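J.: coords please:
(chains A and B)
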Amino acid sequence: MNLASYRKKSPWILHYNAGGCNGCDIEILACLGPKYDIERFGMINTGNPKQSDILLVTGPVTKRSRERLVEIYAQMPEPKVVVSCGACACTGGVFRGMYNCEGGVDQYIPVDVYVCGCGTRPEQIIDGVVQALGILEQKTKAMEVSVRLQKEPLKEEGQINRRNIADQIKPALS
Amino acid sequence: MNDLLIPVLLILLAPLIGGLVYGFERIIKARMQRRIGPPLLQPFYDFLKLADKRKMIVHSAHAFLGIMHFVSLWFALAVLLLGGDLILVIFLHLLSTSLIILAGYSTRSIFSHLGANRTAISILAYEPVLIIIAVSIFMLTGSFDASAAFNWDQPLLYKMPLAFIALLLVLPIKLKKSPFDVAEAHQEVTGGVEIEFSGIFFEAVYTAKWLDYVFCYTLVFLFAGNNILLGIGLMVFTFFYLNALDNSSARVNYKQMLRFSLTVSFSLAFINLLINIFT
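T.: As a prediction, this is how the structure comes out:
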């Protein structure tokens, strides 16, 4: 029995807003509603990185959210795919070049599918996710890591601190 | 021989039946919201997909407690279906729930702790009612055995309707349905105790949910005595009642749940017990 073919039939979605305006998030939630109803493809919005397969990211990745984005990505078990939803998540959008962000999700984690639009239409999101499913089926279970922000977490007074790791790696940005 | 065959088959096929019930429930829920809904076999697709994920555990005791939760729940169901002692069944179910609570406390995740707290509180809400119902069945049939209830010549429902209403009021707590789904609360604590499970270890917790369906519907079936048609009718009624309630109500907080369960449901079951003793 080829288990990989069942990945397509039950993709569980994790949705993370990395500092966007909420426009794309509302469109993603609209996909769950009666009109588009992505649950008919077996998709569930889990909200739990440890049980999900597809990471939908919206928003330009702000300095406050980038460690969290990498952390969430690292917590997802492989095989996993990342879909960046909206102009901000793909390139930085209207926020590109501002002091508080750095132009898109792919600066930090590997992105498989880019969905354009400001905000993206629900049809486009569904199309992007279906493309991502094709990629998901071909992926192996090898570890995938974030392209940047690879550093051991700090230990302060016995507590693990993951904040501001990015600042230490890229002091020029901060 | 024939008496044993059906329960043993039901026990062996329990996860399968529970999965089908869960799949059907997702369709019915979707139709109630005017959606199309997932295919019937969706829970099994989820099952097969989860088997294919990379294995990730928090620590081995956590994963082991999750698996033991599934095993002990299956055991409780087996005792119930074979007509065992009802008090034993209720305490075995309590054991399996306490294993998942221990698993919830064994990690450092704050959501896991919150979920474990809330699961413990929901035990406090439904357990006394179930025990009172078991005692009422004892008063009526003269035996704590479930087989005595299965073989009772007239439906228990006619003798203890209030206990059935009390059971209907606590079943949403047990199955984690709105308005009493504080233990799971997907929007607040994202699944509660199950949050730290992933991949093949989450499967144990996910499948245990299916077993819980079979367990609860068997408890409902108990009220029909040896009248199988009435039993099926009661189960279908409970199914639609649970889904309609789940779709039409918002979540209450744990204090409201506890207050409602210990005043309304508990008193209903207790009045029923008094009636059964004195008539």
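
J.: pull out the buried residues from stretch B:180-192.
T.: Across stretch B:180-192, burial judged by 16 or more other C-beta atoms under 10 Å in any protein chain shown covers B:Phe180, B:Asp181, B:Val182, B:Ala183, B:Glu184, B:Ala185, B:His186, B:Glu188, B:Val189, B:Thr190, B:Gly191, B:Gly192. For every residue, glycine as well, the C-beta is placed using N, CA and C.

J.: these: which two are farthest apart?
T.: B:Phe180 and B:Thr190 (17.8 Å; C-beta to C-beta).

J.: show me what from the stretch 101-250 of chain B comes close to chain A.
T.: B:His186, B:Gln187, B:Thr190, B:Gly191, B:Ile195, B:Glu196, B:Phe197, B:Ser198, B:Gly199, B:Phe202 (C-beta under 8 Å from any C-beta of the partner chain).

J.: element containing the second one?
T.: I take that to be B:Gln187. Following DSSP states H and E, there is no helix or strand that holds B:Gln187.

J.: all helices of chain A, in order?
T.: Here chain A has its helices, by DSSP state H, at A:23-32, A:66-75, A:87-91, A:122-138, A:165-169.

J.: how far off centre is the fourth one?
T.: For helix A:122-138, the separation from the chain centroid amounts to 13 Å (computed by C-alpha atoms, centre = their mean, to the nearest Å).

J.: what's the angle from that helix to helix A:23-32?
T.: Helix A:122-138 runs at 80 degrees relative to helix A:23-32, counting by axes from the mean of the first three to the mean of the last three C-alpha atoms, to 10 degrees.

J.: what helices and strands are in contact with helix A:122-138?
T.: Helices and strands touching helix A:122-138, by 3 or more C-beta pairs under 8 Å, 6 or more residues apart in numbering or on different chains; DSSP states H and E, are helix A:23-32, strand A:54-58, strand A:81-85, strand A:113-115.

J.: average pLDDT for the longest one, rounded please.
T.: In this model, helix A:23-32 has an average pLDDT of 88.

J.: and the residue sitting furthest away from the middle of chain A, what pLDDT?
T.: Ranked by distance from the centre of chain A (C-alpha atoms, centre = their mean), the top residue is A:Glu157, with 31.5 Å. Here the pLDDT value assigned to A:Glu157 is 70.

J.: so how far is B:Arg108 from it?
T.: Plainly put, A:Glu157 is 16 Å away from B:Arg108 if you go by C-beta to C-beta, to the nearest Å.

J.: one more: A:Gln138?
T.: A:Gln138 sits at a distance of 35 Å from B:Arg108 (criterion: C-beta to C-beta).

J.: what segments of chain B are strands?
T.: For chain B, applying DSSP state E gives no strands.

J.: neighbours of the closest residue to A:Gly93 other than its chain neighbours, just the number please.
T.: Closest residue to A:Gly93 in three dimensions, ignoring its sequence neighbours and counting by C-beta to C-beta, 6 or more residues apart in numbering or on different chains: A:Ala87, at 3.8 Å. Using other C-beta atoms under 10 Å in any protein chain shown, the number of residues around A:Ala87 comes to 23.

J.: quick check, pLDDT for A:Ala87.
T.: 89.

J.: wait, what's in contact with B:Phe197?
T.: Contact partners of B:Phe197, counting by C-beta atoms under 8 Å, 6 or more residues apart in numbering or on different chains, are A:Lys50, A:Gln51, B:His62, B:Ala63, B:Gly66, B:Ala204, B:Val205.

J.: distance check, it against B:Lys53.
T.: Distance check for B:Phe197 against B:Lys53: by C-beta to C-beta, it reads 11 Å.

J.: ok, B:Phe75 next?
T.: Taken as C-beta to C-beta, the span from B:Phe75 to B:Lys53 is 27 Å.

J.: neighbour count for these two, which is higher?
T.: Under the criterion of other C-beta under 10 Å, the comparison of B:Phe75 against B:Lys53 puts B:Lys53 first, with 25 against 16.

J.: any idea how many residues pack against the nearest residue to the more buried one once chain neighbours are set aside?
T.: The spatially closest residue to B:Lys53, leaving aside those adjacent along the chain, is B:Gly199, at 3.8 Å (C-beta to C-beta, 6+ apart). B:Gly199 sits with 21 neighbouring residues when counted by other C-beta under 10 Å.

J.: and the pLDDT at B:Gly199?
T.: Taking B:Gly199 on its own, its pLDDT is 81.

J.: ok, B:Phe24 next?
T.: For B:Phe24, the predicted pLDDT is 92.

J.: re earlier: could you dump the helices and strands packed on helix A:122-138 to a markdown table with mean neighbour count and distance to chain B?
T.: Listed next are the helices and strands packed on helix A:122-138 as a markdown table, based on neighbours: other C-beta atoms under 10 Å in any protein chain shown; distance: least, C-beta to the nearest C-beta, whole Å:
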| stretch | mean neighbour count | distance to chain B |
| --- | --- | --- |
| helix A:23-32 | 19 | 9 |
| strand A:54-58 | 27 | 12 |
| strand A:81-85 | 27 | 13 |
| strand A:113-115 | 22 | 19 |
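
J.: for these, which one sits closest to B:Val236?
T.: Closest of the helices and strands packed on helix A:122-138 to B:Val236 is helix A:23-32, at 28.3 Å (criterion: C-beta to C-beta).

J.: contacts for that closest one next, please.
T.: Taking C-beta under 8 Å, 6+ apart as the rule, helix A:23-32 contacts A:15, A:17, A:36-39, A:45, A:56, A:58-59, A:85-86, A:88-89, A:118-122, A:125-126.

J.: chain center to it: distance?
T.: Distance of helix A:23-32 from its chain centroid, counting by C-alpha atoms, centre = their mean, is 15 Å.
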